[in-house]
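S.K.: I'd like to go over a predicted model; first the sequence, then the structure.
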Amino acid sequence: MPIDRRLFLRNLAAISATIAARGNCSSPVLTRQEKPNIVVILSDDVGYGDLSCYGATHVHTPEIDAMAASGLRFTNAHSDAATCTPSRYALLTGSYAWRHDGVQILPGDANLLIESNQATIASVLKSAGYTTGLVGKWHVGLGNGKIDWNGEIKPGPCEVGFDDAFFFAATADRVPTVYIHNHRVVNLDPKDPIQVSYAHKIGNEPTGKEDPELLKMKLSEGHDGTIVDGISRIGFMTGGKSALWKDETMAATFTGKAVEFIERNQHQPFLLYFTPSDIHVPRAPGAQFAGKNACGVRCDVIDQLDWSVGQILDTLKRLHLDENTLVIFTSDNGPVVNDGYDDGSDRKLDGHKPAGPFRGGKYTIFEGGTTMPFIVRWTGHVKPGVSNALISQLDLLASFAALTHQKVPAGTAEDSINMLPTLLGQSQIGRASLVEEAQVLAIREGNWKLIDRSQRPGKHPAPEWTPSPGATVPTSYAQKNSIAQLELYDIAADPFETNNLATEHPEIVEHLRRALTMLRTQGHS
């Protein structure tokens, strides 16, 4: 629907009022002795449309649905980026990943991205007297040089605020395929040392490229490095045979460790950052879930994820911690169906829409890339319902600090905003704006979204290649350049982002371009 200048100015006035109102929001009244436990469940590659409480009909998620029914379900919540390392970095630190160089999908042997002087949700809560635990996927780097997988692996989670950490380094499709507890590989035999390389093959282990007949999971592209547990990975490794994981038991392993952490710390305030691998590739569900869904193995691992969430919630109930535990469920980025392994997921969707009403998914700048399931449950404190407030995972750090009466250390978490009243359902006021990232940047403000493909992540983004005068322009560049335009969408009217309104509303385009530029140059939200 066309919008004239007067309506646009009224919208701007409403946004200004929103900012002012948010500034006047007070935190919920809690005594300083009241320190609720906090559980953040960050799933992997789960799309907005992958859960039945968000409209999925081909797969059912009764445990997550029950959490949503007894909590607050957000419909306009976002990860920082459409890929995992940047979004996890942002959630942990409260800093947009695109502000920093090198925050992109990491190999398994990359160094720690979080600086020693940066605040994290773990360090802030630790300063409030919480015991802090990580169980699951890490993927923001380890060490500060060449990693010795056979000795102490540090700095890592324990150096940025976690008291206890049981995790793997990167992703399930990357080497090294081993669990790490705090600083050491679990079950490692020192007589069989681990070596890892992302540059070239090492050792005599079979690879997906050279020995495809050994694979129990076919490849679609890449992922043709060292074969572990019948699945070839990205990168190469040798050694560590006693420490290698089994993919089909990974969900049970991580879920069991999370339950143990809760049981061990039930009598003191704790933070559990639970980051299951599901539903990331390779999709290898346990026997109780395999082959149970008509929509294929991707739906099987959604079932498995739902079970894991149920185990966490059941543990809290069993230990009578429900009314003293704030639980958040969300995902790191949008969905992807075929992501390197030919597991048949793309051929068995049968009408299932992983991103729900949105366009795109993982890796894309469209809404399906960063619009996440986001559910908050705190029995007796959060009134069940639905919120359309615009929020970001960035805001968890400042909100947790407010909840526990902690100050965010100066110069850190520069993009995290205290949204605690909104998270607890006491306010419907959300953010004035947020930035989305997927190799290019976009800005959301109200219902408007501007994609600016000239804006790319990084403190010092590399300049785009441009042809010299008179040079022959490659077809690939011409195709890229043909879409490298400003795109303006009204997300409320056009959630699938099909109607580019940039030429119809140049004043809105200019306003949002200026807003994005200001966010970059001022260095904070």
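M.R.: Arrived safely.
S.K.: report pLDDT for Pro461.
M.R.: Looking at Pro461, its pLDDT is 78.
S.K.: I'd like to know how far it sits from Ser454.
M.R.: 10 Å (CB to CB, to the nearest Å). Every C-beta, even on glycine, is put in place using the N, C-alpha and C of the backbone.
S.K.: which of the two has more neighbours?
M.R.: For Pro461 versus Ser454, neighbours defined as other CB atoms under 10 Å are more numerous around Pro461 (15 against 12).
S.K.: which of the three states applies to that one?
M.R.: coil (DSSP: H, G, I helix; E, B strand; the rest coil).
S.K.: for His139, same thing?
M.R.: With three-state DSSP as the basis, His139 sits in coil.
S.K.: Arg88 is in contact with that one, correct?
M.R.: Yes. Counting by CB atoms under 8 Å, His139 touches Arg88, with 5.9 Å between them.
S.K.: for the nearest residue to Trp98 once chain neighbours are set aside, give me its contacts.
M.R.: In space, and not counting its chain neighbours, Trp98 is closest to Pro457: 3.7 Å by CB to CB, 6 or more residues apart in numbering. Residues in contact with Pro457 (CB atoms under 8 Å, 6 or more residues apart in numbering) are 81, 86, 97-98, 103-104, 437, 439, 441.
S.K.: Gly430 too?
M.R.: Gly430 makes contacts with 18, 76, 387-391, 419, 422, as judged by CB under 8 Å, 6+ apart.
S.K.: if you set the cut-off to 7 Å instead, what comes out?
M.R.: 76, 389-391, 422 (CB atoms under 7 Å, 6 or more residues apart in numbering).
S.K.: could I get these as CSV with neighbour count, secondary structure and distance to Thr330?
M.R.: Output for the contacts of Gly430, formatted as CSV (neighbours: other CB atoms under 10 Å; DSSP: H, G, I helix; E, B strand; the rest coil; distance: CB to CB, whole Å):
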residue, neighbour count, secondary structure, distance to Thr330
Asn76, 20, strand, 13
Ala389, 20, coil, 14
Leu390, 23, coil, 15
Ile391, 24, strand, 10
Thr422, 25, helix, 15
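S.K.: ok, so of these, who is nearest Arg359?
M.R.: Asn76 (15.7 Å; CB to CB).
S.K.: surely that closest one touches Ala389?
M.R.: Yes. In this structure, Asn76 is within contact of Ala389 by CB atoms under 7 Å, at 6.4 Å.
S.K.: could you pull out the strands in the stretch 201-350 of the chain for me?
M.R.: 227-228, 231-232, 236-238, 270-275, 325-331 (DSSP state E, counting those that start in this stretch).
S.K.: residues touching Trp378, list them.
M.R.: Contacts of Trp378 by CB under 7 Å, 6+ apart are 36, 326, 424.
S.K.: per-residue pLDDT, it?
M.R.: As predicted, Trp378 sits at a pLDDT of 98.
S.K.: helices and strands of the protein: which one has the lowest mean pLDDT?
M.R.: The helix or strand of the chain with the lowest confidence, counting by mean pLDDT, DSSP states H and E, is helix 5-24 at a mean of 43.
S.K.: direction included, what does the helix or strand just after that helix pair against?
M.R.: Sequence order places strand 37-43 as the next helix or strand after helix 5-24, per DSSP states H and E. Partners of strand 37-43 in the sheet, by DSSP bridges, are strand 270-275 (parallel), strand 325-331 (parallel).
S.K.: so for strand 37-43, what gets flagged as buried?
M.R.: The neighbour-count check on strand 37-43 (16 or more other CB atoms under 10 Å) flags 37-43 as buried.
S.K.: quick check: the farthest pair among the residues you listed?
M.R.: Maximum distance among these (CB to CB): 19.5 Å, for Asn37 and Ser43.
S.K.: quick check: longest helix of the chain.
M.R.: helix 297-318 (DSSP state H).
S.K.: who touches that one?
M.R.: 39, 41, 43, 46, 50, 58-59, 61-64, 67, 251, 255, 258-259, 262-263, 274, 276, 278-279, 283, 285-286, 289-293, 322, 325, 329, 337, 343-345.
S.K.: what inclination does it have with respect to strand 325-331?
M.R.: Using axes from the mean of the first three to the mean of the last three CA atoms, to 10 degrees, one finds that helix 297-318 and strand 325-331 are set 170 degrees apart in direction.
S.K.: send me helix 297-318 as CSV with only the CA atoms.
M.R.: What follows is helix 297-318 as a C-alpha-only set of coordinates in CSV (Å, rounded to 0.1, in the frame of the first residue of the first chain):
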residue,chain,number,x,y,z
VAL,A,297,15.7,-37.1,8.6
ARG,A,298,15.6,-33.4,9.1
CYS,A,299,12.3,-33.8,10.8
ASP,A,300,13.7,-36.7,12.8
VAL,A,301,16.3,-34.5,14.4
ILE,A,302,13.7,-31.8,15.1
ASP,A,303,12.0,-34.5,17.1
GLN,A,304,15.3,-35.3,18.8
LEU,A,305,15.8,-31.6,19.6
ASP,A,306,12.3,-31.4,21.1
TRP,A,307,13.1,-34.4,23.3
SER,A,308,16.3,-32.6,24.5
VAL,A,309,14.3,-29.5,25.5
GLY,A,310,11.8,-31.7,27.3
GLN,A,311,14.5,-33.4,29.3
ILE,A,312,15.7,-30.0,30.5
LEU,A,313,12.2,-28.8,31.4
ASP,A,314,11.4,-32.1,33.1
THR,A,315,14.6,-31.8,35.2
LEU,A,316,13.6,-28.3,36.4
LYS,A,317,10.2,-29.6,37.3
ARG,A,318,11.5,-32.7,39.1
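S.K.: keep only those of the contacts of Pro457 that are in strands.
M.R.: 437, 441 (DSSP state E).
S.K.: please report how far the residue nearest to Trp98 lies from Glu507.
M.R.: Remark: distance between Pro457 and Glu507 (CB to CB) = 27 Å.
S.K.: and Gln195, by the same measure?
M.R.: In terms of CB to CB, Gln195 sits 59 Å off from Glu507.
S.K.: higher neighbour count, those two?
M.R.: Each of Gln195 and Glu507 has its neighbours counted (other CB under 10 Å); Gln195 has more, 15 against 11.
S.K.: OK, contacts around the more buried one?
M.R.: By CB under 7 Å, 6+ apart, the contact list for Gln195 reads 202-203, 237-239.
S.K.: I'd like those laid out as JSON lines, including pLDDT.
M.R.: Listed next are the contacts of Gln195 as JSON lines, based on pLDDT from 0 to 100:
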{"residue": "Ile202", "pLDDT": "96"}
{"residue": "Gly203", "pLDDT": "94"}
{"residue": "Met237", "pLDDT": "98"}
{"residue": "Thr238", "pLDDT": "98"}
{"residue": "Gly239", "pLDDT": "98"}
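S.K.: quick one: secondary structure of Met372?
M.R.: strand.
S.K.: need the contact list for it.
M.R.: Taking CB under 7 Å, 6+ apart as the test, what Met372 contacts is 48, 77-79, 330-331.
S.K.: for it, name its beta-bridge partners.
M.R.: Beta-bridge partners, per DSSP bridges, of Met372: Ala77.
S.K.: do Val435 as well
M.R.: Ile443.
S.K.: now Trp448
M.R.: Glu445, Asp490.
S.K.: read off the pLDDT value for it.
M.R.: Note on Trp448: pLDDT of 98.
S.K.: ok, how many other residues are close to Asp229?
M.R.: Neighbour number of Asp229 under other CB under 10 Å is 18.
S.K.: what does the one 5 residues further on give?
M.R.: For Ile234, the number of neighbouring residues by other CB under 10 Å comes to 19.
S.K.: excluding chain neighbours, what is closest to it?
M.R.: Nearest to Ile234 is Arg174, by CB to CB, 6+ apart, at 4.6 Å.
S.K.: what's that neighbour sitting at in phi/psi?
M.R.: phi -120, psi 150 (degrees, to the nearest 10).
S.K.: state the distance from it to Ile121.
M.R.: To Ile121, Arg174 is 24 Å away according to CB to CB.
S.K.: these two: which has the busier surroundings?
M.R.: Legend: neighbour count by other CB under 10 Å for Arg174 and Ile121, higher for Ile121 (28 against 24).
S.K.: show me the contacts for that one.
M.R.: 92, 271, 396-397, 400.
S.K.: with that, I have no additional questions.
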